[in-house]
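A.B. asks: using only what follows, build the 3D model:
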Amino acid sequence: MLVFTAVLSAQPKIELVSHATGFTRPVDIAHCGDSRLFVVEQRGYIWVLDSAGNRLPTPFLNIDPRVRSNGNEQGLLGLAFPPDFAQTGIFYLNYTRETDGDTRVSRFSLLPGNANEADPNSEEILLEVNQPYTNHNGGCLKFGPDGYLYVSLGDGGSGGDPQNNGQTKKSLLGKILRLDVSGTSPGLQYAIPSDNPFVNDTTFSPEIWSWGLRNPWRFSFDRQTGDMWIGDVGQVAREEIDFEPAGAGGRNYGWRCYEGTSPYNTDGCQPSSAYTGPVFDYANPGLGRSVTGGFIYRGTQYADLQDFYLFADYVSGRWWATRQGPDGTFSTALIGQFAANQYSTYGEDRDGELYVAALAQGVIYKVKELCSAFQLSATVTDASCPAGMLNGIIDLNIVGGLAPYTLLWNNGQTDSLIIYLDPGSYSVLATDARGCARRDTFVVGYLESPPLGLALVLSNGTLGITSGTWAGYQWFLNGMPIAGATNPTFVPVQDGFYECLLVSSGGCKYKPGLLVTVVSTALPTSVASFSLAPNPTSSAIRVSMELRQSERINMAILDAGQSRVFSKQLHGQRIEEEIDLGYLPAGTYYLVVEMPSGSLVRPVVRK
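C.D. replies: Predicted structure coming up:
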């Protein structure tokens, strides 16, 4: 198990955990939509791993006799499973053929009734491309989110692209191709997607999706956004990472005119602004000599890896993490250096967890993030109110990190148990022995003994407070604040649990509550008779009241949020009032009648 500490504490910290061993020069890792992983060996073998990393005893496929792997960059280089593999049993390979080292892209299928073995005799050749030299074969295959097959090809090899393939529009070398393998076009074993960027430009080969690449050694798609990330191996000065937003084909990444951000051979070239530059490049040989493109993490096990694109240098063993910010800009940090084990390829399983192959060791490692499990929580004891008692307490709890821990609170304390606290917010920076960092904030509230007998009471249909003088009031119904209800009293018009948030002059807060049932049949003692008709109504409603003596009353119609839609003061012993509701939307409203002897509430339904 290899562990390192990142250069920047804000960046991920990872370890590589051995997942499977015993391979001969593994160069690709893929999944087919289930729990298995498939490991590609450069010599022409593919092996199946179960979910625990156990290798099945029989190869998934052996095409060693038809693969040329003599050159360091030749061999069986790429494997891709289409989205419908579970139904069709068909998959695709990219390899250099034994006879002459040319690139071949082929389709294979499973043996009948055997999900763990393919038929080597089922090969259907889709594409062959002449390779003038043994190196720079590219070889990556991926199905994009659009269902098309993307194929990477290097510039043909040698050094410096002597045939200028990267900038030659009719050459497939130095390009990423986009093929529709579900059909055919005239003279081809595949179809050309109608929206390929150069499909209507006869100066280009129509298969080309993007161009100006030297040796794109591993590209991948972000399974969440569809964006493409490309690792392009440099010549003598720069290694680069290119980024392509989803669907943004037709980009020219500049090789041989530019190597990363540096000019290389600009004879006949345009200014650098005419090309798509990398989002990150690094010095060759300063930090490495050959980039291996990776994946953006979209798994669920490690929250701290989310949104980071991980990649490495094949020679130096350095690893980087790149993230795109909300403003579209990219930031990249060196997150450490492992032993130089020739990290040849990355892969992801069906859940988005990442793996990497060490070519020389023959090991498949799982990428594990070290800080995601490091979490903080706390038990908080509120301080007495008003302020100045200094008896608040925060007892910090740490899980998932590696002791010892370094703590720094915003009040200068450095222990997990901090005491003598006034009410307020307290922030802590916690760092564990690996350098993992967490920030969190905890609030010490007010703890004041409420005035004796503090409660809500319902009297004559009105809610009020039993005791105390308060600087602020806010009424709640069933846990939700009632808009505008900030007076010392409140008339409930519907059943429910009422509370009033009280704020004292010292800033202390209390929230007494009371379950209220609005009684619709009882009348105040001063009311001899009462009628409300018609109810429900589509227009107006008439209120008739006979009082035992002449009184001054307040009559109002409230909506469900207790906003007044009608209000009127009346005086007398016999009350007759017609209220127009025709302008209101359908719903339930409340008639509230307040008088010295009490109040009554009745629901009113507007049809």
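
A.B. asks: and the pLDDT at Pro450?
C.D. replies: Looking at Pro450, its pLDDT is 73.

A.B. asks: let me fix that: Ala6
C.D. replies: 32.

A.B. asks: now Cys508
C.D. replies: pLDDT, read off for Cys508, is 76.

A.B. asks: from Thr379, how far off is it?
C.D. replies: Applying Cβ to Cβ, to the nearest Å, the value for Cys508 to Thr379 is 21 Å. Heads up, the C-betas are built off the backbone N, CA and C, glycines and all.

A.B. asks: of those two, which one has the most company?
C.D. replies: With neighbours defined as other Cβ atoms under 10 Å, Cys508 and Thr379 compare such that Cys508 has more, 21 against 11.

A.B. asks: what about the more buried one, distance to Gly424?
C.D. replies: 14 Å.

A.B. asks: does Ile541 touch Leu584 like I think?
C.D. replies: No: at 10.8 Å, Ile541 does not count as touching Leu584 under the criterion of Cβ atoms under 8 Å.

A.B. asks: residues touching Thr441, list them.
C.D. replies: Neighbouring residues of Thr441 by Cβ atoms under 8 Å, 6 or more residues apart in numbering: Ser425, Tyr426, Ser427, Val428.

A.B. asks: mind checking which of the residues you listed land in strands?
C.D. replies: Ser425, Tyr426, Ser427, Val428 (DSSP state E).

A.B. asks: pLDDT, distance to Val565 and neighbour count for the residues you listed - can I get that in JSON lines?
C.D. replies: Shown next, in JSON lines, are the ones in strands among the contacts of Thr441 (pLDDT from 0 to 100; distance: Cβ to Cβ, whole Å; neighbours: other Cβ atoms under 10 Å):
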{"residue": "Ser425", "pLDDT": "94", "distance to Val565": "42", "neighbour count": "9"}
{"residue": "Tyr426", "pLDDT": "97", "distance to Val565": "47", "neighbour count": "21"}
{"residue": "Ser427", "pLDDT": "98", "distance to Val565": "47", "neighbour count": "12"}
{"residue": "Val428", "pLDDT": "98", "distance to Val565": "51", "neighbour count": "22"}
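
A.B. asks: among the residues you listed, find me the one that's closest to Ile63.
C.D. replies: Nearest to Ile63 among the ones in strands among the contacts of Thr441, counting by Cβ to Cβ, is Val428 at 58.1 Å.

A.B. asks: need the contact list for the closest one.
C.D. replies: By Cβ under 8 Å, 6+ apart, the neighbours of Val428 are Leu376, Leu396, Leu407, Leu408, Trp409, Asn410, Arg439, Asp440, Thr441, Phe442.

A.B. asks: select only the buried ones of those residues in ChimeraX?
C.D. replies: Here is the ChimeraX selection string for the buried members of these, based on 16 or more other Cβ atoms under 10 Å:
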select :376,396,407,409,442
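
A.B. asks: in strands, which of the contacts of Val428 appear?
C.D. replies: Short answer: those in strands (DSSP E) are Leu376, Leu396, Leu407, Leu408, Trp409, Arg439, Asp440, Thr441, Phe442.

A.B. asks: from what I see, the fifth one and Ser416 are in contact.
C.D. replies: No: under the criterion of Cβ under 8 Å, Trp409 lies out of contact with Ser416, with a separation of 9.9 Å.

A.B. asks: before we move on, the earlier item: make JSON lines out of the ones in strands among the contacts of Val428 and add pLDDT and distance to Thr184.
C.D. replies: What follows is the ones in strands among the contacts of Val428, written out as JSON lines (pLDDT from 0 to 100; distance: Cβ to Cβ, whole Å):
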{"residue": "Leu376", "pLDDT": "97", "distance to Thr184": "59"}
{"residue": "Leu396", "pLDDT": "98", "distance to Thr184": "65"}
{"residue": "Leu407", "pLDDT": "98", "distance to Thr184": "66"}
{"residue": "Leu408", "pLDDT": "98", "distance to Thr184": "66"}
{"residue": "Trp409", "pLDDT": "98", "distance to Thr184": "68"}
{"residue": "Arg439", "pLDDT": "95", "distance to Thr184": "58"}
{"residue": "Asp440", "pLDDT": "97", "distance to Thr184": "59"}
{"residue": "Thr441", "pLDDT": "97", "distance to Thr184": "62"}
{"residue": "Phe442", "pLDDT": "97", "distance to Thr184": "65"}
